[in-house]
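Participant: build the 3D model from these lines:
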Amino acid sequence: MITVTHSIGDLADDLRRNVGIATSEPPKMAQRAVRRGEELAKGFAITGAGPHGKLYYKRISSEMLTPLSGEYGPEGTPKSDFVGVGYRNGGPNMDLPNSADIVVLEMAEDAQRLFDRLFW
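Facilitator: Residues are numbered from 1 along each chain as shown. All right, here's what the predicted structure looks like:
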């Protein structure tokens, strides 16, 4: 038989001990996600580019807006400045949505690992 005893005081101790990790890791996680999104979007752009959009990937960049939020995507005005946003002979550009699908899952895994570090 195994008996485990854990009190609210133990939880309070965990929280005090982990406050540094809990405040320093989320900004790093956000920055990793934004960089990863840029990397993935550029990869999709390179792989799926036709002859007129082969340099489109160079317009994709990223930036952090706050410690916990950032954005990535093409620079410029889509309708006039660059090819790759969809046109009458083709479908829409899916580089950003496809990269976002992956980034969201990776962020969830990062968050789970952080919670595991904090409480297990």
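Participant: spatially central residue in the protein, please.
Facilitator: Geometric centre of the chain, nearest residue: Ala33, 2.6 Å, by CA atoms, centre = their mean.
Participant: which element follows the helix or strand encompassing that residue toward the C-terminus?
Facilitator: Per DSSP states H and E, Ala33 falls inside helix 8-48. Later in the chain than helix 8-48, the nearest helix or strand by DSSP H and E is strand 60-66.
Participant: for the helix or strand that that following strand is followed by, which positions count as buried?
Facilitator: Remark: after strand 60-66, the chain's next helix or strand is strand 69-74, criterion DSSP H and E. For strand 69-74, a neighbour-count test (16 or more other CB atoms under 10 Å) marks Gly70, Tyr72, Gly73, Pro74 as buried. To be clear about C-beta, it is placed using only N, CA and C from the backbone, and glycine gets the same treatment.
Participant: what is strand 69-74 packed up against?
Facilitator: Secondary-structure packing of strand 69-74 (3 or more CB pairs under 8 Å, 6 or more residues apart in numbering; DSSP states H and E): helix 8-48, strand 60-66, helix 95-119.
Participant: any chance of these in TSV, plus distance to Ile2?
Facilitator: Output for the helices and strands packed on strand 69-74, formatted as TSV (distance: least, CB to CB, whole Å):
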stretch	distance to Ile2
helix 8-48	17
strand 60-66	45
helix 95-119	19
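Participant: of these, which is nearest Lys54?
Facilitator: Across those, Lys54 has its closest neighbour in helix 8-48 (8.0 Å, CB to CB).
Participant: ok, back up a step: from the buried residues of strand 69-74, pick the one nearest Phe119.
Facilitator: Gly70 (27.0 Å).
Participant: beta partners of the closest one?
Facilitator: Beta-bridge pairing of Gly70, defined through DSSP bridges, involves Met64.
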